[in-house]
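Asks: Show me the folded form of this:
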Amino acid sequence: MSMLRLLSFPLLLLLAMSACVHPDEDELHADLADGVLAEDGKADHLTIPFRELDDPRGIGDRGEVETRVVLTSAAAYASYFGHAAPAGLDFAREWVFFYSAGTRSTGGYEAAVASIARSRSGKTLFVSTHLRAPGAGCAVTFALTRPHVLVAFRRPATRPTAARAAHTDETRDCDRCEGLSGGDCEATPGCGLVAEGCEAPPINPNTGLPYPCDPVLVCRAERTANLGDACGSRGLLPCAEGLFCQYPESSACGETDRPGTCGVAPEACIQIYQPVCGCDGQTYSNSCMAAASAASVRHAGACP
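Replies: Residues are numbered from 1 along each chain as shown. This is a model prediction of the structure:
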């Protein structure tokens, strides 16, 4: 689920006209206070193309707190990060936007820029940022991190005199078992191999039809089916603790791939002798006794 947070911030209005201007004057800083993103003129926004920027020298000590800043010159970039901008970045054509979500206690966060736009007049810059956080079950590194992103965007023809920002937060759903190999999956508590889909089956040369497909086994966090849920067929979950998979006799104990239903094993049975053969190969005095042992009935009468 995503949450929208609306922000507004003033911009420094100074534009460097020569090399003698301090580089800080080419930084458009944001004072991030919750506010209201005005709706007036929203349909008048003009999208500005941008591209993600990779700086192999990193961001130094910047971004320790939530940060949004626009850098409009090479001097400002060098002053802000402590080193020159990456090769190929031409500030005559592009500016840089830096977003950091601040210091986080674990890894697994993803910071992104969703959009950059300007008003038709060019006086207002609109920036939308997004933070994806790890949810329960996500594998993360337990170390302090600073999720951040750098983007280069086309330099506006008119220098903005104001800016507004919107932000969304998202928590992703993870399966910590996903991607584990068969051996690692079985050795990891809470993980198990389940059937999901199937390989493309080969053609039977005698019939011209494909053979029944073989399910693909994937590692997933173990889940269980509840009372009354289908069970015992490919891709279905095992019954929860205290339940067992009750097959109809027509399914041949699941051998026909016809599912059963998760049921409760009875705690007491009437002592009537009507022998049945259970799916576990044991003979029971009646079907209730078989169910009490968590066994479905294969057929009436004693097992061979």
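Asks: Could you report the pLDDT at residue 246?
Replies: At residue 246, the model reports a pLDDT of 88.
Asks: Spatially, which residue comes closest to it, not counting chain neighbours?
Replies: Ranked by C-beta to C-beta, 6 or more residues apart in numbering and with sequence neighbours excluded, the top spatial neighbour of residue 246 is residue 263, at 4.2 Å. Bear in mind the C-beta positions are built from the backbone N, C-alpha and C, glycine included.
Asks: what does residue 72 give?
Replies: In space, not counting the residues next to it along the chain, residue 72 is nearest to residue 26; the distance is 4.3 Å by C-beta to C-beta, 6+ apart.
Asks: Would you confirm that that neighbour contacts residue 76?
Replies: Yes: in terms of C-beta atoms under 8 Å, residue 26 counts as a neighbour of residue 76; the distance is 3.6 Å.
Asks: Quick check: which element contains the residue nearest to residue 246?
Replies: Element membership for residue 263 (DSSP states H and E) is strand 260-264.
Asks: Return the set of buried residues in that strand.
Replies: Of the residues in strand 260-264, 260-263 count as buried by neighbour count, 16 or more other C-beta atoms under 10 Å.
Asks: Equivalent analysis for stretch 183-190, please.
Replies: For stretch 183-190, burial by neighbour count (16+ other C-beta under 10 Å) applies to residue 185.
Asks: And that stretch, how far out from the chain middle?
Replies: Chain-centre distance of stretch 183-190: 22 Å, with C-alpha atoms, centre = their mean, to the nearest Å.
Asks: Next one: the residue nearest the centre of the chain from residue 106, what distance?
Replies: For the chain, residue 172 is the residue whose C-alpha lies nearest the centre (C-alpha atoms, centre = their mean; 3.8 Å). The gap separating residue 172 from residue 106 is 13 Å, by C-beta to C-beta, to the nearest Å.
Asks: Let me know the next secondary structure element after the lowest-mean-pLDDT helix or strand in the chain.
Replies: Least confident helix or strand, the chain: strand 33-34 with a mean of 38, by mean pLDDT, DSSP states H and E. Sequence-wise, the next helix or strand downstream of strand 33-34 (DSSP H and E) is strand 46-47.
Asks: Residues in contact with that following strand: which ones?
Replies: 115-120 (C-beta atoms under 8 Å, 6 or more residues apart in numbering).
Asks: Could you work out the end-to-end span of stretch 155-174 for me?
Replies: This stretch, stretch 155-174, spans 38 Å end to end (C-alpha to C-alpha, to the nearest Å).
Asks: Would you confirm that residue 45 contacts residue 125?
Replies: No: Residue 45 lies out of contact with residue 125 (C-beta under 8 Å); the separation is 10.0 Å.
Asks: Quick check: neighbours shared by those two?
Replies: Common neighbours of residue 45 and residue 125, counting by C-beta under 8 Å, 6+ apart, are 117-118.
Asks: Who has more neighbours out of these two?
Replies: residue 125 (25 against 15; other C-beta atoms under 10 Å).
Asks: so who does the spatially closest residue to residue 135 that is not a sequence neighbour touch?
Replies: Setting aside the residues directly before and after it, residue 135 is nearest to residue 171 in space (C-beta to C-beta, 6+ apart), at 4.5 Å. By C-beta under 8 Å, 6+ apart, the residues touching residue 171 are 1, 132-135.
Asks: and the residue nearest to residue 102 when sequence neighbours are not counted, how many neighbours?
Replies: Excluding its sequence neighbours, the residue lying closest to residue 102 (C-beta to C-beta, 6+ apart) is residue 66, at 4.3 Å. Other residues within reach of residue 66, judged by other C-beta under 10 Å, total 16.
Asks: Report the separation between residue 66 and residue 269.
Replies: Distance, residue 66 to residue 269, by C-beta to C-beta: 65 Å.
Asks: next one: residue 245
Replies: Going from residue 245 to residue 269 by C-beta to C-beta gives 19 Å.
Asks: what about the two, which has more around it?
Replies: Using other C-beta under 10 Å, the more surrounded residue of residue 245 and residue 269 is residue 245, with 25 against 15.
Asks: what lines up beside the helix or strand where that one lies in the sheet?
Replies: Residue 245 is part of strand 243-246, with elements assigned from DSSP H and E. Partners of strand 243-246 in the sheet, by DSSP bridges, are strand 260-264 (antiparallel).
Asks: which residues sit against the strand it pairs with?
Replies: Contacts with strand 260-264, where a contact means C-beta under 8 Å, 6+ apart, come from 225-233, 239-240, 242-248, 251, 254, 291, 296.
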